[in-house]
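J.: When you get a sec, could you give me coordinates for this:
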Amino acid sequence: MISIYRTDDRKIHEESGIEPGTWINMVNPTVTEGELIAESLHIDIQDLLAALDEEESSRVELEDGYTLILVDIPTIEIRHDKEAYTTIPLGIILTHDIIITVCTEETPVLQAFVNGRVKEFSTKKKMRFVYQILFRVAALYQTDLRVIDKKRTEIEERIDDSTKDMDLIDLHGLESTLVYFATSLRANGVVLDRLTRYKRLEQYPDDKDLLGDVIVENRQAIEMTSIYRDIINGTRELMSSVLDNRLNNVMKMLTIVTLIMGIPTLISGIYGMNVASEWMPLADTPHGFGIICLIILCVCVLTLLILRRKKLF
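T.: Okay, the predicted model is just below:
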């Protein structure tokens, strides 16, 4: 899908054709659509559709007549019937008087511009527009990181009550997401460093300050990712320890029950042997069976008291 926008008097509206000072937003475009734009603006079709490849790395490429900027942005995917975060490429192409964005899906980063929620936004100020996009990308990373930490907190609150194996799997998924985020944020940081030396297009006085803010936000997102990875790792180790401790308690209790049940089993086994009654104590004594049962009960109670005194249960 191809949409063309232009800002006039700080208001954005959609255009029907490509004109100087417009923004072309391409969402999961077909090859035919890509060829149409590439031919119209004299752009290499491979560069134009580079963002459609999920394995493309973040980078800046200076070509004849245009500049390609690729960054990774966070998005939501369905993984094991649950929502999970991942990253996808976002392509930004700057020509002399037009800016093009290419992505495989609709993203909140660009929707904020389409819906007019970004202040001081102009399609004619291309470098500022790029920095505003990158600023919102870094902000979106931070928002998603807070959501991830909230999910971790919910899992941690269940540790004392109903910790399940699925919680460990969910924590592993969150940890994997943070690995993706950390890799993408570091790659985006390299792109931002390259842009600090970018001189091809005109930059307004406030553009460099905005780029500095973007770099700070990106570094903060990297630090948040590192901190949350450490916290999740600690939470996962805590959960593993709790589950192991519960298993140990169950095994200890089963061992105690086995020990106590072994006492009557041993005594009844001896009395069940085919031996003359004169050799078996209380065999011919009135109420001998009851006396033997009482002795067994006393021995079991005494064993329990000894185990309790030694704090074995």
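J.: Hmm, residue 126 is touching residue 99, no?
T.: Yes - Residue 126 is within contact range of residue 99, at 4.9 Å (criterion: C-beta atoms under 8 Å). For the C-beta atoms, the positions are set from N, CA and C on the backbone; glycine is no exception.
J.: which sections of the stretch 151-300 of the chain are below the confidence cut-off?
T.: 160-165, 199-204, 277-278 (pLDDT under 70).
J.: Let me know the helix or strand that residue 70 is in.
T.: strand 66-79 (DSSP states H and E).
J.: Now do that strand: distance to the chain's middle.
T.: 16 Å (C-alpha atoms, centre = their mean, to the nearest Å).
J.: in its sheet, what does that strand sit against?
T.: strand 59-63 (antiparallel), strand 82-94 (antiparallel) (DSSP bridges).
J.: Please save the CA atoms from the last one in CSV.
T.: Only the C-alpha atoms of strand 82-94 are listed here, as CSV (Å, rounded to 0.1, in the frame of the first residue of the first chain):
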residue,chain,number,x,y,z
LYS,A,82,0.7,-15.3,22.8
GLU,A,83,1.7,-11.8,22.0
ALA,A,84,5.5,-11.3,22.0
TYR,A,85,7.8,-8.5,20.9
THR,A,86,10.3,-8.6,18.1
THR,A,87,12.0,-6.1,15.8
ILE,A,88,11.5,-5.4,12.1
PRO,A,89,13.4,-3.1,9.7
LEU,A,90,12.1,0.4,8.8
GLY,A,91,13.6,1.9,5.7
ILE,A,92,13.9,5.7,5.2
ILE,A,93,15.0,7.0,1.8
LEU,A,94,15.9,10.6,1.3
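J.: Could you list the buried residues of that strand?
T.: 84, 85, 86, 87, 88, 89, 90, 91, 92, 93, 94 (16 or more other C-beta atoms under 10 Å).
J.: Output those residues in CSV; the columns should cover distance to residue 253 and pLDDT.
T.: Shown next, in CSV, are those (distance: C-beta to C-beta, whole Å; pLDDT from 0 to 100):
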residue, distance to residue 253, pLDDT
84, 38, 82
85, 41, 86
86, 44, 88
87, 47, 89
88, 51, 90
89, 55, 91
90, 56, 92
91, 61, 92
92, 62, 91
93, 67, 91
94, 69, 88
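J.: farthest pair in the residues you listed?
T.: Spatial extent of the buried residues of strand 82-94 (C-beta to C-beta) is set by the pair 84 and 94 at 32.6 Å.
J.: what about the strands in the protein?
T.: 2-8, 11-15, 23-27, 59-63, 66-79, 82-94, 99-103 (DSSP state E).
J.: Counting by contacts, list what the second one packs against.
T.: Using 3 or more C-beta pairs under 8 Å, 6 or more residues apart in numbering; DSSP states H and E, the elements in contact with strand 11-15 are strand 2-8.
J.: tell me what the strand it packs on is packed against?
T.: strand 11-15, strand 23-27, helix 108-114.
J.: Run through who's touching the last one.
T.: The list of residues contacting helix 108-114 from outside it, by C-beta atoms under 8 Å, 6 or more residues apart in numbering, reads 3, 5, 12, 23, 25, 73, 90, 101, 103, 118, 121, 129, 132-133, 136-137, 140.
J.: pLDDT on stretch 5-13, on average?
T.: Mean pLDDT, stretch 5-13: 82.
J.: mind checking the end-to-end distance for that stretch?
T.: 6 Å (C-alpha to C-alpha, to the nearest Å).
J.: Show me how far that stretch is from its chain's centre.
T.: On C-alpha atoms, centre = their mean, the centre of stretch 5-13 falls 36 Å from that of its chain.
J.: Going by neighbour count, list what's buried in it.
T.: 5, 6, 7, 12.
J.: again, but for stretch 14-28
T.: The neighbour-count check on stretch 14-28 (16+ other C-beta under 10 Å) flags 21, 22, 23, 24, 25, 26 as buried.
J.: doesn't residue 170 make contact with residue 236?
T.: No - using C-beta under 8 Å, residue 236 is not in contact with residue 170; the gap is 10.0 Å.
J.: a markdown table for the strands of the chain, including distance to residue 181?
T.: As requested, the strands of the chain are exported to a markdown table (distance: least, C-beta to C-beta, whole Å):
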| stretch | distance to residue 181 |
| --- | --- |
| strand 2-8 | 28 |
| strand 11-15 | 30 |
| strand 23-27 | 23 |
| strand 59-63 | 18 |
| strand 66-79 | 7 |
| strand 82-94 | 7 |
| strand 99-103 | 18 |
